[in-house]
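**Q** Sequence plus the predicted model coming up.
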Amino acid sequence: MEAVVFVFSLLDCCALIFLSVYFIITLSDLECDYINARSCCSKLNKWVIPELIGHTIVTVLLLISLHWFIFLLNLPVATWNIYRYIMVPSGNMGVFDPTEIHNRGQLKSHMKEAMIKLGFHLLCFFMYLYSGSNCPC
C-alpha cells in the first residue's frame, strides 16, 4: 500500500510541476504582452480545479496512509488552494480575472505564487522519490 501511495504521489507531483511551469510561462507571456488578459485568464482558470483536486487527493492519501510529516507539509498548500478557489468574488471569471489581473500587482502576486508552488512541488518530488525507495516492498 505504501509503495502505491508514493508512486501515485510521485506521478501527481510530476503533473503539478508541469502545471506550475505552465502557469509561469502563461503569466510571463501576459507580462510581456504576447497574449491578452482574457485568453491568459481563461487558459489558467481551466487548470485551477484540476490542480486543486490533484493536490487534495495526494494530501488525503498521505493522511490515510499515516505519513504525518509529509501530510502536514502538504496541508498548508492544499488549504491555500481551496481557500483561493472559495474566495473568488462573485462576478469574477475565476481565480484569475482579466479585469483585475493588472490591478494592485496581482500579476506579480500570481507569478510569485506559481514560483513558490514550483519550488514546493520540486521539493515534494524528491521527498516522494526518497520515501518511495525506502518502502519495504
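**A** Noted; the coordinates are in hand.

**Q** residues near residue 48, how many?
**A** Number of residues near residue 48 (other Cβ atoms under 10 Å) recorded here: 18. C-betas here are computed from N, CA, C, even on glycine.

**Q** How about residues contacting stretch 84-96?
**A** Stretch 84-96 has contacts (Cβ atoms under 8 Å, 6 or more residues apart in numbering) with 40, 41, 42, 44, 45, 48, 49, 52, 97, 99, 100, 110.

**Q** same question, stretch 24-31
**A** Against stretch 24-31 from outside (Cβ under 8 Å, 6+ apart): 35-37, 40, 43-44, 101, 107, 110-111, 114-115, 118.

**Q** Restricted to strands, list those.
**A** Members of the contacts of stretch 24-31 lying in strands (criterion: DSSP state E): none.

**Q** so who does residue 14 touch?
**A** Contacts of residue 14 (Cβ under 8 Å, 6+ apart): residue 125.

**Q** How far away from the center of its chain is the helix or strand containing it?
**A** Using DSSP states H and E, residue 14 sits in helix 2-31. With Cα atoms, centre = their mean, to the nearest Å as the basis, helix 2-31 stands 7 Å off its chain's centre.

**Q** re earlier: look over the contacts of stretch 24-31 and name the one with the lowest pLDDT score.
**A** Among the contacts of stretch 24-31, residue 101 carries the weakest pLDDT, at 89.
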